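[1] need a structure here:
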Amino acid sequence: MRLTATSISLLAVALSVTVLFAMLGMWQLDRAAQKRATFAEFEQRGRAAQVDLNQPGVADSVALNGYRAVAAGHYPGATILFDNQMHRGRAGYLVYSVFKLDGRHESVLVNRGWLKAAADRSVVPELAAPAAGKQLEGRLNLPPHVGLRFEGGDMIEHLAADLWRVQSIDFTDLTTTVGVDLLPITVMLNSDTPDHFVRSWTSPGSDETRHLGYAFQWFALAVTVVVVTVALTLRSRNQGMS
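    Below you'll find the predicted structure:
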């Protein structure tokens, strides 16, 4: 029996939708592969020798990202609050403190962890001073590209003496605002270092399974479209023959 114009249109639409869903599934598989490679590289760099930030010339942020680091120096007092960073569904700040490196004129931003924000944004959070000590260890890391942005909000807000709130970490702007020369990389403080903030670091690329789950959903939808289309076509054909 020849297919009707309606059946042909249905098959064309179903084919297009199936191809689209399959392409989205393949894209998610590709994203999973990228995350797997990123995670593998991050883990490999974590097993390499520590980078001594007190050595001159250590400044290439891309080349340093992911390596373990050690640094000697002190906290001069300046702190940056990276706004609208989520932890377990709650909004807060990542607390970055400036660490002046011994033997260098540069400083580095140390990510000391997450702090819950008050509901009233005009309330300046109370911050505990960094743990005493002149040496720290952690993982070198590029900060998140941006936080959630409030429309019309200033990129850098001066909240109190030596305390700023930012919507993104821009090393050039912060160097000018804070008045210290910052390396273009941050240090995620080790989780076992005494402090008063939440530090539950996740490795870059560790969410590979999320993309695999999305891929499965897209492929399942593609199969569903095929099954439903075949069933409707057969039913239409049987009704036409009766």
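
[2] so what's residue 182 bridging to?
    Residue 182 has the following beta-bridge partners by DSSP bridges: residue 107.

[3] what residue is smack in the middle of this protein?
    Residue closest to the average C-alpha location in the chain (CA atoms, centre = their mean): residue 144, at 5.2 Å.

[4] look at it and give its secondary structure.
    What DSSP: H, G, I helix; E, B strand; the rest coil gives for residue 144 is coil.

[5] okay, now residue 117: neighbour count?
    Neighbour count for residue 117, taken as other CB atoms under 10 Å: 18. For glycine as for every other residue, the C-beta is placed from the backbone atoms N, C-alpha and C.

[6] list the contacts of it.
    Residue 117 is in contact with 83, 84, 91, 92, 93, 125, counting by CB atoms under 8 Å, 6 or more residues apart in numbering.

[7] need the pLDDT of it.
    Note on residue 117: pLDDT of 89.

[8] who are the packing partners of the top helix by length along the chain?
    Under DSSP state H, the helix in the chain containing the largest number of residues is helix 5-46. Secondary-structure packing of helix 5-46 (3 or more CB pairs under 8 Å, 6 or more residues apart in numbering; DSSP states H and E): helix 208-241.

[9] ok, back up a step: among the contacts of residue 117, which pair sits farthest apart?
    Largest separation among the contacts of residue 117 by CB to CB: 84 and 125, giving 13.5 Å.

[10] looking at this protein, which helix or strand is least sure?
    Of all helical and strand segments in the chain, the minimum by mean pLDDT, DSSP states H and E falls on helix 61-64, at a mean of 74.

[11] quick revisit: now the contacts of residue 117 in JSON lines, with pLDDT, secondary structure and distance to residue 215?
    Formatted as JSON lines, those follow (pLDDT from 0 to 100; DSSP: H, G, I helix; E, B strand; the rest coil; distance: CB to CB, whole Å):
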{"residue": "83", "pLDDT": "91", "secondary structure": "strand", "distance to residue 215": "33"}
{"residue": "84", "pLDDT": "87", "secondary structure": "strand", "distance to residue 215": "30"}
{"residue": "91", "pLDDT": "89", "secondary structure": "strand", "distance to residue 215": "30"}
{"residue": "92", "pLDDT": "91", "secondary structure": "strand", "distance to residue 215": "32"}
{"residue": "93", "pLDDT": "92", "secondary structure": "strand", "distance to residue 215": "34"}
{"residue": "125", "pLDDT": "86", "secondary structure": "coil", "distance to residue 215": "41"}
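
[12] give me the buried entries from the residues you listed.
    With burial judged by 16 or more other CB atoms under 10 Å, the buried subset of the contacts of residue 117 is 83, 84, 92, 93, 125.

[13] so residue 99 makes contact with residue 185?
    No: taking contacts as CB atoms under 8 Å, residue 99 lies outside contact range of residue 185: 11.9 Å.

[14] which one of the contacts of residue 117 sits closest to residue 168?
    Distance to residue 168 across the contacts of residue 117 (CB to CB) is lowest for residue 83, with 8.9 Å.

[15] from residue 28, how far out is residue 208?
    Per CB to CB, to the nearest Å, residue 208 is found 10 Å from residue 28.

[16] between these two, who's got more neighbours?
    Higher neighbour count among residue 208 and residue 28: residue 28, with 20 against 17, using other CB under 10 Å.

[17] what's the more buried one in contact with, if anything?
    By CB under 8 Å, 6+ apart, the neighbours of residue 28 are 211, 212, 214, 215, 218.

[18] count of neighbours near the second one?
    So that's residue 212. By other CB under 10 Å, 17 other residues sit near residue 212.

[19] gap between stretch 197-213 and the chain center?
    Distance of stretch 197-213 from its chain centroid, counting by CA atoms, centre = their mean, to the nearest Å, is 9 Å.

[20] much appreciated, bye for now.
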